[in-house]
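Q: Next one to model:
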Amino acid sequence: MSESFDISQIERWVARLLDWWQANQKSYPWSETKNPYEVWISEVMLQQTVVSAVPPRYERWLQRWPTVDALARAQEAEVLREWEGLGYYSRGANLWKAAQVLALQGASCFPSNAEELRKLPGVGLYTAAAIASFAFGQPSLTLDANLKRVFQRLNAWPQWTAESEKVTGSLANEAFKLYPSRSFNLALMHLGQQVCRSRGPECRACPLVPVCLAYQKNQTDIIPARLERQVQEKSTPLLVGWRQTPPSIQFFLAQPLTGRFSHLWSFPPRVSELLEVSETENSLSLGTFLHTYTKYKDTLYPVLCAIDEPELPLGWRGRWYTMDEVERLAMPAVHRRIWLAAKKALTVTLPLSI
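A: You can find the predicted model right below:
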């Protein structure tokens, strides 16, 4: 597909694409909704998250906060706790911030075009286009990784460039004159997810294979050109500090003042004098835990240690929490697992106190 395509070719092949989609589309809890709030929540959850993990979290979210106003009335900490396990916690924080903005404007005034939607916290090009298209039927192309991959293979583009975007936009504009943007976008997204996958594309099942230049050139395995991610490995010793304050057990949690995890509570890095903590009656290794995020693979080494006044690294703040309070805190999922391991260890050590 290129700019040289005439309208009859576009109509023919988009029709084939939509026929394929009607026969092969998968149903999700958000598939039929045109409610802008529900579309927004589903699209943000689906970013950087495995699709199969989203349906139960999406339904639980809407049960708890069914409207923009309901979300705006929530506490940020509640929202982040609910987001736990979905990763990229700034997404949850930005949903809450944007809800505050929308609530002030009046929830009935949900922006209907991509330009206005992009003024909301955390709403970028793709999310704005998705809401505008799926909720309001606006002619906006939802250009995510799936769509880019499809268009790169159709045109045999190894790399995505400004010219690629221009050609793709021209095609989409022609398609939108003939078919609803919602149908066109969803069909392409499903094609990218189910058939035109990044690895192992099922070309024989693809309705667009007759016009796919990468297929004709036997290049579907090298287009798009793969960029090798440089993973940086780290090792971080953690202090899982606890103390007994009858009748309860308390844990010491902290958060950095800035950065990706500044809204979350976690077990802090151990400072120098505790780096070589050995297993004694006051300390216990909890094993190793892997924390993978962005370009980092961080191996965590938490040590459970009875302590009165933990020392924090520079740029951190912390405080003691009871067991019940920890349950309600927003934490990175890996630190939640560490806490559960610590609870289990203390249950064995202090069976009458837990």
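
Q: all helices of the protein, in order?
A: 7-24, 36-46, 54-64, 68-73, 76-83, 90-105, 114-117, 125-136, 145-155, 162-178, 181-194, 213-216, 323-328, 333-349 (DSSP state H).

Q: Which positions within the fifth one qualify as buried?
A: Judged by neighbour count (16 or more other Cβ atoms under 10 Å), helix 76-83 contains these buried residues: 78-83. (Each C-beta comes from the backbone N, C-alpha and C, glycine too.)

Q: For those, give me JSON lines that also has pLDDT.
A: Formatted as JSON lines, those follow (pLDDT from 0 to 100):
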{"residue": "78", "pLDDT": "94"}
{"residue": "79", "pLDDT": "96"}
{"residue": "80", "pLDDT": "94"}
{"residue": "81", "pLDDT": "93"}
{"residue": "82", "pLDDT": "96"}
{"residue": "83", "pLDDT": "95"}
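
Q: I'd like to know which of those is nearest to residue 109.
A: residue 79 (21.7 Å; Cβ to Cβ).

Q: thinking again about what came up before, let me have the helices of the chain in JSON lines, extended by distance to residue 298.
A: Output for the helices of the chain, formatted as JSON lines (distance: least, Cβ to Cβ, whole Å):
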{"stretch": "helix 7-24", "distance to residue 298": "39"}
{"stretch": "helix 36-46", "distance to residue 298": "24"}
{"stretch": "helix 54-64", "distance to residue 298": "24"}
{"stretch": "helix 68-73", "distance to residue 298": "31"}
{"stretch": "helix 76-83", "distance to residue 298": "20"}
{"stretch": "helix 90-105", "distance to residue 298": "18"}
{"stretch": "helix 114-117", "distance to residue 298": "34"}
{"stretch": "helix 125-136", "distance to residue 298": "28"}
{"stretch": "helix 145-155", "distance to residue 298": "25"}
{"stretch": "helix 162-178", "distance to residue 298": "35"}
{"stretch": "helix 181-194", "distance to residue 298": "29"}
{"stretch": "helix 213-216", "distance to residue 298": "37"}
{"stretch": "helix 323-328", "distance to residue 298": "21"}
{"stretch": "helix 333-349", "distance to residue 298": "9"}
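
Q: now for those, which one comes closest to residue 258?
A: Per Cβ to Cβ, nearest to residue 258 of the helices of the chain: helix 90-105, 12.8 Å.

Q: What residues sit buried inside that closest one?
A: Applying 16+ other Cβ under 10 Å to helix 90-105 flags 90-99, 102-103 as buried.

Q: hmm, which two among the residues you listed are most spread apart?
A: Counting by Cβ to Cβ, the most remote pair of those is 90 and 103, 20.0 Å apart.

Q: about what we covered before: residue 288: which of the helices of the chain is closest?
A: Short answer: helix 333-349, nearest of the helices of the chain by Cβ to Cβ, at 10.3 Å.

Q: residues of that closest one that come out buried?
A: Result for helix 333-349 [16+ other Cβ under 10 Å]: buried residues 334-339, 341-343, 345-346.

Q: Repeat that for stretch 106-124.
A: Those would be 107, 110-111, 114, 117, 120, 122-123, for stretch 106-124 by 16+ other Cβ under 10 Å.

Q: One more: stretch 257-273?
A: 261, 263-270.

Q: which of the residues you listed lies closest to residue 240?
A: residue 267 (5.0 Å).

Q: rewinding a little: any chance of the buried residues of stretch 106-124 in CSV, with distance to residue 48 too?
A: Shown next, in CSV, are the buried residues of stretch 106-124 (distance: Cβ to Cβ, whole Å):
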residue, distance to residue 48
107, 27
110, 24
111, 24
114, 21
117, 19
120, 19
122, 13
123, 15
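
Q: which one of the residues you listed is nearest residue 247?
A: residue 122 (42.2 Å).

Q: which ones are touching the nearest residue to the closest one once chain neighbours are set aside?
A: Of all residues not flanking residue 122 in the chain, residue 94 sits nearest, at 2.5 Å (Cβ to Cβ, 6 or more residues apart in numbering). By Cβ atoms under 8 Å, 6 or more residues apart in numbering, the residues touching residue 94 are 44, 121-123.

Q: gap between residue 94 and residue 222?
A: 36 Å (Cβ to Cβ, to the nearest Å).

Q: do the same with residue 339
A: Distance from residue 339 to residue 222, by Cβ to Cβ: 45 Å.

Q: Could you do residue 194 as well?
A: 21 Å.

Q: I am finished for the moment; much appreciated.
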